[in-house]
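Engineer: sequence unknown, structure follows:
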């Protein structure tokens, strides 16, 4: 623990709260990101099916998902805006010194996000008056804008991991900036694809999980079947792909950020024939307590043969590498991510096997139990992946160029702790209210479906999904809206 | 190039002041709409008018920050260090506001709607005030590179007045837009309701501006002089004319054009401030040239801005067009087939 104590004494006192605050706000925001990036695409798939096959059940699902998207996107916008505030409020040193080197990624993100906000508004509010296919096609650029936004953010983050595209002058300030190099850094490709696939995977499993729960509770109608199958198929196809990308990403870290790799794999001394530890804890003296040791495996994974040399943590001075505690955190996050990823592959294989054999969903309740928790498991891997990246980079905010302690604000620790407290309370309230709202929506939909006898009974709307309201609904809408605005545009409320 | 990017920054701030400002204004009138029963039609109109566009309106702020840190990193650092508290409070306000607005719509219980509504409305007051106070602090020359965070930077006469002016002008914009939205949505009684409020808000803006004249004379000398001479003065006069035109148009009952003049008056005011502050980003210690980031970055930022204009511009036009044509409407319970759940009372 000694070196941890020394580091803590060196570090400005405001560093801990600044870090915690950033970790908390980013960790919360990142849970919404899969739905911002991938839910529109999944919804559009369902929407396309509805229009193509004139399928009212698919249309109902697409509409309901877009109703959820409306709330989710709004919360994501505000928590995302907070992050751009925090870059200045918490890490002014980084932005002041490096803003013009790597800030452009955010510039791309900003306009992509702009476009996304515009398109999502048109999509979410276009259901009633736009022509069906016009409405669909106006939504199609939405996933592309989301991918572009992810491009910008990951460009900025991968630059922090493998900074390049500048020279340093005598006083250590960046000069001679090459913007393209600064965007396309060595870690960019692996990080980007790993991230994008993770987002689709997570959104797919979470949405499918909702219907898996319904399935387990005995609601085995076409609505639940379709709501489960489409997103689950997307996620199941992506799972093995993600595993391979993840493996390539880990190897990119091995090559480009050897010390981070050493932290995530708990490698103390640079050596060949390095064993792999599953979990376990790194001690200050380099020994490892607990965990499962697999001889040679780490070297094999890193370079495909046992004689591969793996750089150890001790290759750099103690002050330039993660502490034992940080290394253990990064290692656990990494191992949890890999474990869950491997289990998800088994689930995907189960699904694929059943589909090939029976052209049907697996019948086992255990399959649906696993599918129901897969979404939550994916959200955990998202958190873990991010923790691995960020904690593994310590003590650097800009790898090998700027320490977190040099970037942190001068604001007093007490102010930051206060702010942290306020933000925690606000976020718990906001996320709690968000969850409650989504659950309430689900309850209302279930009640409606049960009272109308599921899908068997034709609904007045089924003939013309986009058409004018049925007379009954106008009346209901008018009663609900209280008259004042019931007059306009054909009884819309 | 640095000058051009500085103007991009001013334009982005002006766009946020107009788009975001209208939004905040709607929140302001939501706050004053009265009790749940009495304020119902007003709140319904606000919900309806804001819902499709508020997210877009708020992205301008992110754009402002990005242009700041990519184009003028030293200035970004200085502002965020010196203005720590007001910016932190504005950020918290933004969260509460967005969440309050987003969660109020799907809530079906009166109590929940009330809580969400109050958060939304109060935060609509707090956020523009602090953002305005930050601008006031910068304009009065209280922020320089290395200025530590202190109350003086934002709790001073100029800042407070700018903050109040920000609230008043958002209220003005909000009322002007809502008045024409009311006509668009066929709620005729609300047209005059918001017309009256637009006029009152305009009067408040004028009164605050008149108070600001002597107060800022000594407190924010550099910008004061910029605003009372040359191009700064020209733009102030144009802004004032736009404001007066808005009043006339409202009076004569042509709400459609009043939106353009109202936006013009706010945008011109921001432009006048940009003009008055030049060549400084932080008067009178940091010029645009001194603060500018690396030249290649600025060029790329120019390109990114151009792409943004080409891609986002038409999309934005389509959105606002569809919105004003009444083509954008939220999904109703009938669309998603939703039934009341136990405990719903709305």
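Structural biologist: Perfect, thanks for sending it. All values reported here derive from a predicted model rather than from experimental measurement.
Engineer: In the stretch 201-346 of chain B, what residue comes closest to chain A?
Structural biologist: Taking C-beta to the nearest C-beta, chain A has its nearest neighbour within the stretch 201-346 of chain B at residue B:293, 2.7 Å off. (Each C-beta comes from the backbone N, C-alpha and C, glycine too.)
Engineer: Quick check: which element contains the residue lying closest to that residue once chain neighbours are set aside?
Structural biologist: Leaving aside its chain neighbours, residue B:293 sits nearest to residue A:100 (2.7 Å; criterion: C-beta to C-beta, 6 or more residues apart in numbering or on different chains). For residue A:100, the element it lies in under DSSP states H and E is helix A:92-102.
Engineer: repeat for residue A:397
Structural biologist: Applying DSSP H and E as the criterion places residue A:397 in strand A:396-398.
Engineer: Indicate whether the helix or strand following that strand makes contact with chain B.
Structural biologist: Once the chain leaves strand A:396-398, the next helix or strand it forms, by DSSP H and E, is strand A:402-403. No. Strand A:402-403 stays clear of chain B (C-beta under 8 Å from any C-beta of the partner chain), getting no nearer than 13.1 Å.
Engineer: Touching strand A:402-403 from outside, list them.
Structural biologist: Residues outside strand A:402-403 that contact it (C-beta atoms under 8 Å, 6 or more residues apart in numbering or on different chains) are A:93-94, A:97-98, A:395-397.
Engineer: Quick check: the residue nearest to residue B:293 vs residue A:401, distance?
Structural biologist: The gap separating residue A:100 from residue A:401 is 14 Å, by C-beta to C-beta, to the nearest Å.
Engineer: ditto for residue A:24
Structural biologist: 26 Å.
Engineer: These two: which has the busier surroundings?
Structural biologist: In this view residue A:24 and residue A:401 are compared by other C-beta atoms under 10 Å in any protein chain shown, and residue A:401 has more residues nearby, 18 against 14.
Engineer: And the average pLDDT for stretch A:141-160 is what?
Structural biologist: Throughout stretch A:141-160, pLDDT has a mean value of 89.
Engineer: burial measure for the spatially closest residue to residue B:81 that is not a sequence neighbour, as a count.
Structural biologist: Leaving aside its sequence neighbours, residue B:81 sits nearest to residue A:92 (C-beta to C-beta, 6+ apart; 5.1 Å). Number of residues near residue A:92 (other C-beta under 10 Å) recorded here: 27.
Engineer: Residue A:92 and residue B:84 touch, don't they?
Structural biologist: No. Using C-beta atoms under 8 Å, residue A:92 makes no contact with residue B:84, being 9.0 Å away.
Engineer: Common neighbours of these two, please.
Structural biologist: residue A:409.
Engineer: Check which residues of the helix or strand residue B:207 falls within are buried.
Structural biologist: Using DSSP H and E, residue B:207 sits within helix B:188-219. Judged by neighbour count using 16 or more other C-beta atoms under 10 Å in any protein chain shown, the buried positions of helix B:188-219 are B:190-191, B:193-195, B:197-199, B:201-202, B:204-205, B:208-209, B:212, B:215-216, B:219.
Engineer: got it, and stretch A:310-326?
Structural biologist: Buried residues in stretch A:310-326 (16+ other C-beta under 10 Å): A:310-313, A:315, A:318, A:321-326.
Engineer: mean confidence score for that stretch?
Structural biologist: 85.
Engineer: shaky segments in the stretch 151-300 of chain B?
Structural biologist: Scanning the stretch 151-300 of chain B for pLDDT under 70 picks out the ranges B:255.
Engineer: What segments of it are strands?
Structural biologist: B:280-282, B:286-287 (DSSP state E, counting those that start in this stretch).
Engineer: ok, and what's touching the helix holding residue A:100?
Structural biologist: Counting by C-beta under 8 Å, 6+ apart, residues outside helix A:92-102 touching it are A:87-88, A:103, A:155-156, A:159-160, A:163, A:165-166, A:173-174, A:177, A:182, A:397-398, A:402, A:406-409, B:69-71, B:73-74, B:76-78, B:80-81, B:293-294, B:297-298.
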